[in-house]
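*Asks:* quick check, what structure comes out for this input:
(one chain, ligands or ions: 1)
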Amino acid sequence: MKYRTLGGDLTVSAIGLGCMGMTHAFGAPSDSREMTKLIHEAVELGYTMFDTAECYTGTLPDGSTAYNEELVGAALAPYRKNVIIATKCGVRHAQDGLITDSRPETIRRSVEGSLKRLGTDYIDLYYQHRIDPDVEPETVAGTMAQLIKEGKIRYWGISEANEEYLRRAHAVCPVTAIQNRYSMMARWHESLFCTLEELRIGYVAFSPLANGFLSAKYDERSSFEQETDYRSRMPQFSAEGVKQNQELLALLEKTGEEKHATPAQISLAWMLCRQPNLVAIPGTRKSERLRENAGAAEIELSPEELARIDCALNHMEMSAVFGGAKIIR
Ligand SMILES: NC(=O)c1ccc[n+]([C@@H]2O[C@H](COP(=O)([O-])OP(=O)(O)OC[C@H]3O[C@@H](n4cnc5c(N)ncnc54)[C@H](OP(=O)(O)O)[C@@H]3O)[C@@H](O)[C@H]2O)c1
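*Replies:* Below you'll find the predicted structure:
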């Protein structure tokens, strides 16, 4: 594993573990004992960054709620001092989208709930999960500054940040990292790279495999559980999407052969080699994929190789890619 520093002094593994899918959005919640074993294996492999959120819940067969934070917190308890736990506040899931709420009193209530579910007395990195159009960035940053002073959180970040919001928030309380979507198929936040370098803010790339699609292990025959697995509605996994992405998959396969790596590793190595202040947090529930993804940190792509990949990406046809649930308030 390789390590990188976010925001000046928060050192994390270049590949972190996105834990969301263990309880949320990728089918029914997985067995918590197996996921605990997987998280322990990740620690042994050198992963130090673990990503969760208060809203990553799922429904268990008996109708009760599976809380991702409880799973992650309990699994990491024996390693607490040596790992970075990142969690998020400010979003609730509704039937047709996300409801945002970053009022100071809500953030305060959320942090207490997360600390309890995680079974810890501090959160390493606390994100505002989405911008709340009704709350000014200065207000959110002021609340985070107080939480840092009180020792409840060590660092803070913003998920799906834009430049103006980020600059205003950062002026009140320095932001350590943004957590935005980023993959070979979702490159719309690249315009933030210069600002992040200027302000010394890290980029935590979520959905770095375009929800697994860039592993090239899925095709038009792949089927996903309609109710609980969001991939059943993602355009890149549709039969039409798979057809439109053949050139992309061929590029990943060919580059993988040249570099003795898998397509998933190439797509992760590509982003790590492009941006020194970036780390990726692919999600998985499988041991072999955990190892495969960790291996991406060891792959070096030369400037020429990167330029060749970028040139190909810029000129090829691709399907639409899932861009996140819509904000309904
Ligand atoms: N801030 C936000 O708003 C936000 C939004 C979404 C996600 N996130 C965070 O980012 C993390 C990752 O995002 P994501 O889960 O949406 O997308 P992702 O990491 O791009 O893809 C995850 C999916 O890819 C599969 N996968 C992973 N590695 C693989 C490999 N080597 N080969 C084949 N398949 C592989 C996983 O399936 P298996 O489990 O079956 O391996 C899983 O279904 C989440 O866990 C969460 O912590 C944050």
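
*Asks:* kindly tell me how buried the nearest residue to residue 230 once chain neighbours are set aside is, as a neighbour count.
*Replies:* The shortest distance from residue 230 to any non-neighbouring residue, by Cβ to Cβ, 6 or more residues apart in numbering, is to residue 25 (4.7 Å). Glycine gets a C-beta too; all of them are placed from N, C-alpha and C. For residue 25, the neighbour count with other Cβ atoms under 10 Å is 16.

*Asks:* also the one 3 residues further on?
*Replies:* Look at residue 28: counted by other Cβ under 10 Å, it has 14 neighbours.

*Asks:* quick check: phi and psi on it?
*Replies:* phi -60, psi 150 (degrees, to the nearest 10).

*Asks:* gap between the residue in the stretch 201-329 of the chain that the ligand sits nearest to and residue 308?
*Replies:* Here the stretch 201-329 of the chain gets closest to the ligand at one residue, residue 212, 2.5 Å apart by Cβ to the nearest ligand atom. Distance, residue 212 to residue 308, using Cβ to Cβ, to the nearest Å: 25 Å.

*Asks:* of these two, who's got more company?
*Replies:* More crowded of residue 212 and residue 308, by other Cβ under 10 Å: residue 212, with 22 against 14.

*Asks:* now the more buried one: closest residue in space that isn't a chain neighbour?
*Replies:* Closest to residue 212 by Cβ to Cβ, 6+ apart is residue 218, at 6.4 Å.

*Asks:* count the neighbours of that neighbour for me.
*Replies:* Neighbours of residue 218 using other Cβ under 10 Å come to 18.

*Asks:* in a helix, it, correct?
*Replies:* No: according to DSSP: H, G, I helix; E, B strand; the rest coil, residue 218 belongs to no helix; its state is coil.

*Asks:* and the closest residue to residue 329 other than its chain neighbours, how many neighbours?
*Replies:* In space, and not counting its chain neighbours, residue 329 is closest to residue 99: 5.0 Å by Cβ to Cβ, 6+ apart. For residue 99, the count of nearby residues is 15 (other Cβ under 10 Å).

*Asks:* residue 99 contacts residue 90, doesn't it?
*Replies:* No: with contact defined as Cβ atoms under 8 Å, residue 99 does not count as touching residue 90 (9.7 Å).

*Asks:* just the helices in this protein please.
*Replies:* With helices called from DSSP state H, the chain shows them at 32-45, 68-76, 104-118, 137-149, 163-172, 193-199, 239-244, 246-259, 263-274, 287-295, 303-315.

*Asks:* first to last residue in stretch 53-63, what's the distance?
*Replies:* Terminal residues of stretch 53-63 lie 20 Å apart, using Cα to Cα, to the nearest Å.

*Asks:* list the contacts of it.
*Replies:* 19-20, 23-25, 28-29, 65-69, 87-89, 91-93, 110, 113-114, 117, 127, 129, 228 (Cβ atoms under 8 Å, 6 or more residues apart in numbering).

*Asks:* and what of stretch 221-237?
*Replies:* 25-28, 58, 185, 210-213, 218, 241-242, 245, 319-322.

*Asks:* relative to residue 94, how far out is residue 218?
*Replies:* Distance from residue 218 to residue 94, by Cβ to Cβ: 28 Å.

*Asks:* residue 197: how many residues sit nearby?
*Replies:* Residue 197 has 13 nearby residues by other Cβ under 10 Å.
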